[in-house]
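**Student:** fold the following, please.
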Amino acid sequence: MKSYIIPIIILVVVIVAVVAFFLLNNSLKATTTTTLPSIAISPNSSVIASIPVGNILSGIAVTPNGQYAYVTAVNSTQVSVINTSNNKVIKNILTKSFPSGIAITPNGQYAYVTELDNQVTVINTTTNEVIANIPSVGGGQSLDGIAITPNGKYVYISDSTLKSDSTYLSGNVSVINTETNQVISNISIANGPSSIAITPNGQYAYIVNFNNDEISVLNTGTNTVINTIDIGGNESIDGIAVTPNGQFVYVTDSSSKIYVINTTSNKVVDTVLLNQAPYKITVTPNGQYAYVTEPNANRISIINTATNSVVYNLSLISSSNPALTAILPNGIAINPNGKEAYVSSYAGKVFVIGITFN
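**Tutor:** Numbering: from 1, shown residues only. This is a model prediction of the structure:
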(Lines give C-alpha, C1' and ligand atoms only; values in the text may rest on other atoms or scores of the structure.)
Protein backbone atom coordinates (compact mmCIF):
# COMPACT_ATOMS: atom_id res chain seq x y z
CA MET A 1 0.00 0.00 0.00
CA LYS A 2 2.85 2.38 0.79
CA SER A 3 4.05 2.23 -2.83
CA TYR A 4 0.98 4.19 -3.93
CA ILE A 5 1.32 7.05 -1.43
CA ILE A 6 3.99 8.98 -3.35
CA PRO A 7 2.31 8.66 -6.78
CA ILE A 8 -1.03 9.85 -5.40
CA ILE A 9 0.57 12.83 -3.67
CA ILE A 10 2.50 13.70 -6.82
CA LEU A 11 -0.63 13.40 -8.94
CA VAL A 12 -2.53 15.87 -6.75
CA VAL A 13 0.41 18.26 -6.70
CA VAL A 14 0.86 18.07 -10.48
CA ILE A 15 -2.80 18.66 -11.31
CA VAL A 16 -3.34 21.45 -8.78
CA ALA A 17 -0.04 23.13 -9.55
CA VAL A 18 -0.51 23.16 -13.32
CA VAL A 19 -4.07 24.45 -13.21
CA ALA A 20 -3.29 27.01 -10.53
CA PHE A 21 -0.14 28.13 -12.31
CA PHE A 22 -1.86 28.96 -15.56
CA LEU A 23 -4.89 30.58 -13.97
CA LEU A 24 -2.74 32.70 -11.68
CA ASN A 25 -0.30 33.52 -14.44
CA ASN A 26 -3.17 34.73 -16.58
CA SER A 27 -4.43 37.14 -13.94
CA LEU A 28 -0.99 38.46 -13.06
CA LYS A 29 -0.08 39.21 -16.68
CA ALA A 30 -3.37 40.70 -17.75
CA THR A 31 -1.95 44.21 -17.65
CA THR A 32 1.12 43.35 -19.72
CA THR A 33 -0.41 41.59 -22.71
CA THR A 34 0.99 42.29 -26.15
CA THR A 35 -1.32 43.47 -28.91
CA LEU A 36 -0.83 41.28 -31.97
CA PRO A 37 -1.73 42.23 -35.54
CA SER A 38 -4.85 40.68 -37.01
CA ILE A 39 -3.85 38.48 -39.97
CA ALA A 40 -6.50 36.85 -42.10
CA ILE A 41 -6.11 33.18 -43.00
CA SER A 42 -8.36 30.49 -44.37
CA PRO A 43 -11.71 30.49 -42.50
CA ASN A 44 -11.71 26.70 -42.79
CA SER A 45 -8.94 26.41 -40.18
CA SER A 46 -11.15 25.52 -37.26
CA VAL A 47 -12.19 22.91 -34.73
CA ILE A 48 -13.71 20.10 -36.77
CA ALA A 49 -14.42 17.65 -33.96
CA SER A 50 -14.65 17.43 -30.17
CA ILE A 51 -14.13 13.91 -28.85
CA PRO A 52 -15.44 13.09 -25.34
CA VAL A 53 -12.87 10.93 -23.59
CA GLY A 54 -13.30 11.82 -19.91
CA ASN A 55 -10.82 12.44 -17.10
CA ILE A 56 -7.97 14.96 -17.17
CA LEU A 57 -6.12 14.41 -20.43
CA SER A 58 -2.39 14.93 -20.78
CA GLY A 59 -0.01 13.41 -23.34
CA ILE A 60 -1.16 12.71 -26.88
CA ALA A 61 0.48 11.10 -29.92
CA VAL A 62 -0.60 10.06 -33.42
CA THR A 63 0.62 6.89 -35.12
CA PRO A 64 2.93 7.36 -38.14
CA ASN A 65 0.23 6.09 -40.51
CA GLY A 66 -2.16 8.69 -39.09
CA GLN A 67 -4.89 6.16 -38.34
CA TYR A 68 -4.94 6.39 -34.54
CA ALA A 69 -4.36 8.89 -31.75
CA TYR A 70 -3.39 7.78 -28.25
CA VAL A 71 -4.11 10.02 -25.26
CA THR A 72 -3.28 9.60 -21.57
CA ALA A 73 -5.52 10.47 -18.62
CA VAL A 74 -3.30 11.68 -15.83
CA ASN A 75 -5.94 11.29 -13.10
CA SER A 76 -6.80 7.70 -13.97
CA THR A 77 -5.11 4.51 -15.11
CA GLN A 78 -6.21 4.81 -18.69
CA VAL A 79 -4.84 5.37 -22.20
CA SER A 80 -7.56 5.95 -24.78
CA VAL A 81 -7.27 5.03 -28.45
CA ILE A 82 -9.03 7.22 -31.04
CA ASN A 83 -9.79 6.14 -34.59
CA THR A 84 -8.92 9.24 -36.64
CA SER A 85 -11.16 8.24 -39.55
CA ASN A 86 -14.32 8.81 -37.49
CA ASN A 87 -12.83 10.49 -34.39
CA LYS A 88 -14.29 7.90 -32.02
CA VAL A 89 -12.71 6.24 -28.98
CA ILE A 90 -12.31 2.58 -29.86
CA LYS A 91 -10.57 1.31 -26.74
CA ASN A 92 -9.44 2.27 -23.24
CA ILE A 93 -6.23 0.55 -22.18
CA LEU A 94 -5.60 0.15 -18.46
CA THR A 95 -2.19 0.97 -17.01
CA LYS A 96 -0.83 0.22 -13.55
CA SER A 97 -0.53 3.83 -12.46
CA PHE A 98 -1.29 7.36 -13.61
CA PRO A 99 -0.11 7.78 -17.24
CA SER A 100 1.40 11.08 -18.34
CA GLY A 101 3.64 11.30 -21.41
CA ILE A 102 3.37 9.13 -24.51
CA ALA A 103 5.43 8.50 -27.65
CA ILE A 104 5.02 6.06 -30.52
CA THR A 105 7.87 4.25 -32.25
CA PRO A 106 8.61 5.34 -35.84
CA ASN A 107 7.39 1.99 -37.20
CA GLY A 108 4.10 2.54 -35.39
CA GLN A 109 4.18 -0.82 -33.61
CA TYR A 110 4.56 0.32 -30.01
CA ALA A 111 3.49 3.14 -27.72
CA TYR A 112 5.63 3.97 -24.70
CA VAL A 113 3.82 5.59 -21.78
CA THR A 114 5.38 7.26 -18.74
CA GLU A 115 3.62 6.82 -15.42
CA LEU A 116 3.85 8.80 -12.21
CA ASP A 117 5.12 5.82 -10.20
CA ASN A 118 8.38 5.64 -12.14
CA GLN A 119 7.45 2.90 -14.52
CA VAL A 120 6.96 2.81 -18.28
CA THR A 121 4.18 0.86 -19.94
CA VAL A 122 4.67 -0.54 -23.45
CA ILE A 123 1.57 -1.01 -25.62
CA ASN A 124 1.35 -3.08 -28.78
CA THR A 125 -0.58 -0.80 -31.15
CA THR A 126 -1.83 -3.71 -33.26
CA THR A 127 -3.60 -5.45 -30.39
CA ASN A 128 -3.82 -2.40 -28.10
CA GLU A 129 -2.66 -4.57 -25.22
CA VAL A 130 0.04 -3.87 -22.64
CA ILE A 131 3.00 -6.11 -23.47
CA ALA A 132 5.57 -4.85 -20.96
CA ASN A 133 5.99 -2.83 -17.80
CA ILE A 134 9.43 -1.37 -17.20
CA PRO A 135 9.79 -0.68 -13.44
CA SER A 136 12.06 1.65 -11.48
CA VAL A 137 12.86 3.97 -14.36
CA GLY A 138 14.86 7.03 -13.35
CA GLY A 139 14.75 6.78 -9.60
CA GLY A 140 13.04 10.13 -9.03
CA GLN A 141 9.47 10.77 -7.93
CA SER A 142 7.71 11.03 -11.27
CA LEU A 143 8.28 10.48 -14.98
CA ASP A 144 7.31 13.15 -17.45
CA GLY A 145 8.97 13.94 -20.77
CA ILE A 146 9.42 11.22 -23.40
CA ALA A 147 10.88 11.04 -26.90
CA ILE A 148 11.99 8.23 -29.20
CA THR A 149 14.97 8.36 -31.55
CA PRO A 150 14.13 8.37 -35.29
CA ASN A 151 15.63 4.89 -35.73
CA GLY A 152 13.30 3.59 -33.01
CA LYS A 153 16.09 2.03 -30.98
CA TYR A 154 16.00 4.21 -27.88
CA VAL A 155 13.47 5.96 -25.66
CA TYR A 156 14.53 9.01 -23.65
CA ILE A 157 12.55 9.73 -20.50
CA SER A 158 12.88 12.51 -17.93
CA ASP A 159 12.15 12.17 -14.24
CA SER A 160 12.20 14.73 -11.47
CA THR A 161 12.56 14.69 -7.71
CA LEU A 162 11.24 17.38 -5.39
CA LYS A 163 13.98 18.17 -2.91
CA SER A 164 12.90 17.85 0.71
CA ASP A 165 14.18 21.28 1.71
CA SER A 166 12.60 23.32 -1.10
CA THR A 167 10.41 23.35 -4.20
CA TYR A 168 13.52 22.90 -6.33
CA LEU A 169 13.56 19.93 -8.68
CA SER A 170 16.44 17.68 -9.57
CA GLY A 171 16.44 14.59 -11.73
CA ASN A 172 17.85 12.71 -14.67
CA VAL A 173 17.11 11.35 -18.11
CA SER A 174 16.88 7.59 -18.56
CA VAL A 175 17.54 5.76 -21.82
CA ILE A 176 15.61 2.58 -22.66
CA ASN A 177 16.69 0.10 -25.32
CA THR A 178 13.53 -0.80 -27.24
CA GLU A 179 14.80 -4.26 -28.19
CA THR A 180 15.22 -5.36 -24.57
CA ASN A 181 12.99 -2.78 -22.84
CA GLN A 182 15.79 -2.28 -20.32
CA VAL A 183 17.24 0.97 -18.99
CA ILE A 184 20.78 1.23 -20.37
CA SER A 185 21.78 4.69 -19.14
CA ASN A 186 20.85 7.37 -16.60
CA ILE A 187 22.08 10.91 -17.26
CA SER A 188 22.01 13.42 -14.42
CA ILE A 189 20.15 16.66 -15.20
CA ALA A 190 20.34 18.84 -12.12
CA ASN A 191 17.61 21.39 -12.76
CA GLY A 192 14.35 19.52 -13.11
CA PRO A 193 14.25 17.91 -16.58
CA SER A 194 10.84 17.82 -18.23
CA SER A 195 9.99 17.88 -21.94
CA ILE A 196 12.36 16.29 -24.49
CA ALA A 197 12.75 16.71 -28.24
CA ILE A 198 15.17 14.78 -30.47
CA THR A 199 16.61 16.12 -33.73
CA PRO A 200 15.55 14.36 -36.96
CA ASN A 201 19.06 12.95 -37.46
CA GLY A 202 18.83 11.40 -33.99
CA GLN A 203 22.15 12.86 -32.86
CA TYR A 204 20.93 15.26 -30.19
CA ALA A 205 18.24 15.48 -27.53
CA TYR A 206 17.13 18.88 -26.28
CA ILE A 207 15.88 18.73 -22.70
CA VAL A 208 13.94 21.43 -20.88
CA ASN A 209 15.28 22.35 -17.42
CA PHE A 210 12.15 23.47 -15.64
CA ASN A 211 13.90 25.19 -12.73
CA ASN A 212 16.18 27.68 -14.38
CA ASP A 213 15.13 28.43 -17.96
CA GLU A 214 17.89 26.36 -19.50
CA ILE A 215 18.02 23.70 -22.19
CA SER A 216 20.42 20.78 -21.85
CA VAL A 217 21.80 19.46 -25.14
CA LEU A 218 22.53 15.75 -25.02
CA ASN A 219 24.71 13.85 -27.47
CA THR A 220 22.74 10.64 -28.01
CA GLY A 221 25.84 8.81 -29.25
CA THR A 222 27.65 9.21 -25.93
CA ASN A 223 24.63 10.07 -23.74
CA THR A 224 26.47 13.02 -22.27
CA VAL A 225 25.43 16.66 -21.90
CA ILE A 226 27.54 18.67 -24.35
CA ASN A 227 25.95 22.10 -23.99
CA THR A 228 23.61 24.13 -21.81
CA ILE A 229 21.59 26.91 -23.41
CA ASP A 230 20.53 29.81 -21.20
CA ILE A 231 17.14 30.91 -22.50
CA GLY A 232 17.26 34.11 -20.46
CA GLY A 233 13.60 34.05 -19.45
CA ASN A 234 12.20 34.96 -16.08
CA GLU A 235 9.47 32.37 -15.73
CA SER A 236 9.29 28.60 -16.35
CA ILE A 237 9.76 26.79 -19.64
CA ASP A 238 8.15 23.51 -20.59
CA GLY A 239 7.09 22.79 -24.17
CA ILE A 240 9.70 22.00 -26.81
CA ALA A 241 9.71 20.98 -30.48
CA VAL A 242 12.28 20.62 -33.25
CA THR A 243 11.55 21.63 -36.85
CA PRO A 244 11.54 18.76 -39.38
CA ASN A 245 14.73 20.08 -41.02
CA GLY A 246 16.45 20.03 -37.62
CA GLN A 247 17.59 23.64 -37.87
CA PHE A 248 15.52 25.18 -35.08
CA VAL A 249 14.12 24.34 -31.65
CA TYR A 250 11.02 26.11 -30.31
CA VAL A 251 10.65 26.42 -26.52
CA THR A 252 7.61 27.77 -24.66
CA ASP A 253 8.00 30.13 -21.70
CA SER A 254 5.20 30.98 -19.28
CA SER A 255 6.07 34.69 -19.63
CA SER A 256 4.01 34.62 -22.85
CA LYS A 257 7.01 34.00 -25.07
CA ILE A 258 8.40 31.33 -27.36
CA TYR A 259 12.15 31.19 -27.85
CA VAL A 260 13.69 30.02 -31.11
CA ILE A 261 17.07 28.25 -30.91
CA ASN A 262 19.41 27.71 -33.83
CA THR A 263 20.70 24.13 -33.51
CA THR A 264 23.99 24.95 -35.25
CA SER A 265 25.01 27.68 -32.81
CA ASN A 266 22.77 26.54 -29.94
CA LYS A 267 21.86 30.18 -29.40
CA VAL A 268 18.49 31.90 -29.08
CA VAL A 269 17.98 33.68 -32.41
CA ASP A 270 14.40 34.93 -32.11
CA THR A 271 11.53 35.42 -29.68
CA VAL A 272 7.82 35.14 -30.46
CA LEU A 273 5.48 37.24 -28.32
CA LEU A 274 2.07 35.86 -27.34
CA ASN A 275 -0.95 37.23 -25.53
CA GLN A 276 -1.04 34.39 -23.00
CA ALA A 277 1.22 31.80 -21.42
CA PRO A 278 2.01 28.95 -23.85
CA TYR A 279 2.37 25.33 -22.74
CA LYS A 280 2.96 22.53 -25.27
CA ILE A 281 4.10 23.00 -28.86
CA THR A 282 4.46 21.01 -32.07
CA VAL A 283 5.46 21.76 -35.67
CA THR A 284 3.64 20.78 -38.86
CA PRO A 285 5.32 18.08 -40.99
CA ASN A 286 6.33 20.61 -43.64
CA GLY A 287 7.86 22.85 -40.96
CA GLN A 288 5.90 25.95 -41.96
CA TYR A 289 3.83 26.37 -38.80
CA ALA A 290 4.08 25.75 -35.05
CA TYR A 291 0.93 25.03 -33.07
CA VAL A 292 0.93 26.06 -29.40
CA THR A 293 -1.55 25.32 -26.61
CA GLU A 294 -2.55 28.25 -24.37
CA PRO A 295 -4.45 26.85 -21.36
CA ASN A 296 -5.38 30.25 -19.89
CA ALA A 297 -7.01 31.44 -23.08
CA ASN A 298 -8.55 28.07 -24.03
CA ARG A 299 -7.04 28.36 -27.47
CA ILE A 300 -4.31 27.37 -29.91
CA SER A 301 -1.88 29.93 -31.31
CA ILE A 302 -0.49 29.30 -34.76
CA ILE A 303 2.99 30.61 -35.62
CA ASN A 304 4.50 31.10 -39.05
CA THR A 305 8.01 29.67 -38.66
CA ALA A 306 9.37 31.71 -41.60
CA THR A 307 8.53 35.01 -39.91
CA ASN A 308 8.27 33.74 -36.32
CA SER A 309 5.05 35.64 -35.86
CA VAL A 310 1.57 34.63 -34.69
CA VAL A 311 -0.78 34.39 -37.65
CA TYR A 312 -3.89 33.12 -35.91
CA ASN A 313 -5.41 32.46 -32.48
CA LEU A 314 -7.94 29.64 -32.61
CA SER A 315 -10.43 29.51 -29.72
CA LEU A 316 -11.62 26.11 -28.49
CA ILE A 317 -14.70 27.65 -26.87
CA SER A 318 -17.73 26.80 -28.96
CA SER A 319 -20.69 29.13 -29.36
CA SER A 320 -22.87 26.02 -29.33
CA ASN A 321 -21.60 25.11 -25.85
CA PRO A 322 -20.80 28.39 -24.05
CA ALA A 323 -21.06 26.68 -20.65
CA LEU A 324 -17.77 24.91 -21.32
CA THR A 325 -15.45 27.80 -20.44
CA ALA A 326 -12.51 26.00 -18.78
CA ILE A 327 -11.07 23.71 -21.43
CA LEU A 328 -7.39 24.15 -20.52
CA PRO A 329 -5.80 22.64 -23.65
CA ASN A 330 -2.71 20.62 -22.78
CA GLY A 331 -0.88 18.28 -25.15
CA ILE A 332 -0.88 18.62 -28.92
CA ALA A 333 0.10 16.32 -31.79
CA ILE A 334 -0.24 16.70 -35.54
CA ASN A 335 -1.30 13.90 -37.85
CA PRO A 336 1.67 13.02 -40.12
CA ASN A 337 -0.60 13.74 -43.10
CA GLY A 338 -0.46 17.39 -42.01
CA LYS A 339 -4.23 17.80 -42.16
CA GLU A 340 -5.29 17.63 -38.49
CA ALA A 341 -3.97 18.58 -35.08
CA TYR A 342 -5.16 16.66 -32.01
CA VAL A 343 -5.33 18.55 -28.71
CA SER A 344 -5.81 16.98 -25.27
CA SER A 345 -7.47 19.00 -22.52
CA TYR A 346 -8.16 19.09 -18.81
CA ALA A 347 -11.86 19.19 -19.70
CA GLY A 348 -11.73 15.54 -20.76
CA LYS A 349 -12.09 16.20 -24.47
CA VAL A 350 -9.77 15.82 -27.45
CA PHE A 351 -10.21 18.62 -29.97
CA VAL A 352 -9.46 18.04 -33.65
CA ILE A 353 -8.28 21.05 -35.64
CA GLY A 354 -8.42 21.09 -39.40
CA ILE A 355 -5.20 22.37 -40.97
CA THR A 356 -5.93 23.94 -44.34
CA PHE A 357 -3.05 26.32 -44.92
CA ASN A 358 0.08 24.29 -44.33
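**Student:** tell me who's in contact with residue 57.
**Tutor:** Residues in contact with residue 57 (CB atoms under 8 Å, 6 or more residues apart in numbering) are 71, 72, 73, 74, 330, 331, 344, 345, 346, 348, 349, 350. C-betas here are computed from N, CA, C, even on glycine.
**Student:** and it, what are its bridge partners?
**Tutor:** residue 73 (DSSP bridges).
**Student:** shaky segments in this structure?
**Tutor:** 1-45, 139-141, 162-169, 233-234, 319-325, 357-358 (pLDDT under 70).
**Student:** ok, which stretches of the stretch 1-150 of the chain are helices?
**Tutor:** 5-28 (DSSP state H, counting those that start in this stretch).
**Student:** give me the neighbour count for the residue lying closest to residue 301 once chain neighbours are set aside.
**Tutor:** Among residues not flanking residue 301 along the chain, residue 292 sits closest, at 4.6 Å (CB to CB, 6 or more residues apart in numbering). For residue 292, the neighbour count with other CB atoms under 10 Å is 26.
**Student:** residue 292 against residue 299, yeah?
**Tutor:** No. Taking contacts as CB atoms under 8 Å, residue 292 lies outside contact range of residue 299: 9.3 Å.
**Student:** now do the nearest residue to residue 119 once chain neighbours are set aside against residue 81, distance only.
**Tutor:** Of all residues beyond its chain neighbours, the one nearest residue 119 is residue 135 (4.8 Å), with distances taken as CB to CB, 6+ apart. With distances taken as CB to CB, to the nearest Å, residue 135 is found 24 Å from residue 81.
**Student:** which of these two has more neighbours?
**Tutor:** residue 81 (19 against 11).
**Student:** and for the closest residue to the more buried one other than its chain neighbours, the neighbour number?
**Tutor:** Distances taken as CB to CB, 6+ apart place residue 91 nearest to residue 81, at 4.5 Å, with adjacent residues excluded. Residues near residue 91, counting by other CB under 10 Å, number 14.
**Student:** ok, residue 222 next?
**Tutor:** 10.
**Student:** cool, and residue 200?
**Tutor:** 12.
**Student:** nearest residue to it in space, please, no chain neighbours.
**Tutor:** Nearest-residue entry for residue 200: residue 246, 4.6 Å, with adjacent residues in sequence omitted and distances by CB to CB, 6+ apart.
**Student:** list the contacts of that neighbour.
**Tutor:** Counting by CB under 8 Å, 6+ apart, residue 246 has contacts 199, 200, 201, 263.
**Student:** state the distance from the closest residue in space to residue 199 that isn't next to it in sequence to residue 203.
**Tutor:** Sequence neighbours aside, residue 246 is the residue nearest to residue 199 in space, at 4.7 Å (criterion: CB to CB, 6+ apart). As judged by CB to CB, residue 246 and residue 203 stand 9 Å apart.
**Student:** do residue 179 as well
**Tutor:** The value you get for residue 179 to residue 203, if CB to CB is used, is 20 Å.
**Student:** what about the two, which has more around it?
**Tutor:** residue 203 (15 against 9).
**Student:** so what's the more buried one closest to, chain neighbours aside?
**Tutor:** residue 220 (6.0 Å).
**Student:** burial of the one you found, as a residue count?
**Tutor:** 19.
**Student:** how close does it get to residue 145?
**Tutor:** Applying CB to CB to residue 220 and residue 145 gives a distance of 15 Å.
**Student:** and for residue 335?
**Tutor:** Relative to residue 145, and taking CB to CB, residue 335 is found at 22 Å.
**Student:** so for these two, which sits in the more crowded spot?
**Tutor:** The neighbour comparison of residue 335 against residue 145 (other CB under 10 Å) goes to residue 145, with 27 against 21.
**Student:** surely that one meets residue 208?
**Tutor:** Yes. Applying CB under 8 Å as the test, residue 145 and residue 208 come out as touching, 7.1 Å apart.
**Student:** any shared contact partners between those two?
**Tutor:** With CB under 8 Å, 6+ apart as the test, residue 145 and residue 208 both reach 193, 194, 195, 196.
**Student:** please, which helix or strand holds residue 268?
**Tutor:** strand 267-273 (DSSP states H and E).
**Student:** sheet partners, orientation included, of the helix or strand following that strand?
**Tutor:** Going down the chain from strand 267-273, the next helix or strand is strand 281-283, by DSSP H and E. According to DSSP bridges, strand 281-283 forms sheet pairs with strand 289-294 (antiparallel).
**Student:** contacts only, for residue 266.
**Tutor:** Contacts of residue 266 by CB under 8 Å, 6+ apart are 217, 227, 229.
**Student:** in a markdown table, list those residues along with secondary structure, neighbour count and distance to residue 313.
**Tutor:** As requested, these are arranged in a markdown table below (DSSP: H, G, I helix; E, B strand; the rest coil; neighbours: other CB atoms under 10 Å; distance: CB to CB, whole Å):
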| residue | secondary structure | neighbour count | distance to residue 313 |
| --- | --- | --- | --- |
| 217 | strand | 19 | 31 |
| 227 | strand | 12 | 34 |
| 229 | strand | 20 | 28 |
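**Student:** how about JSON lines for those residues, with distance to residue 149 added?
**Tutor:** Listed next are these as JSON lines, based on distance: CB to CB, whole Å:
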{"residue": "217", "distance to residue 149": "15"}
{"residue": "227", "distance to residue 149": "19"}
{"residue": "229", "distance to residue 149": "21"}
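**Student:** what sits against residue 151?
**Tutor:** Neighbours of residue 151 in contact, by CB under 8 Å, 6+ apart: 106, 202.
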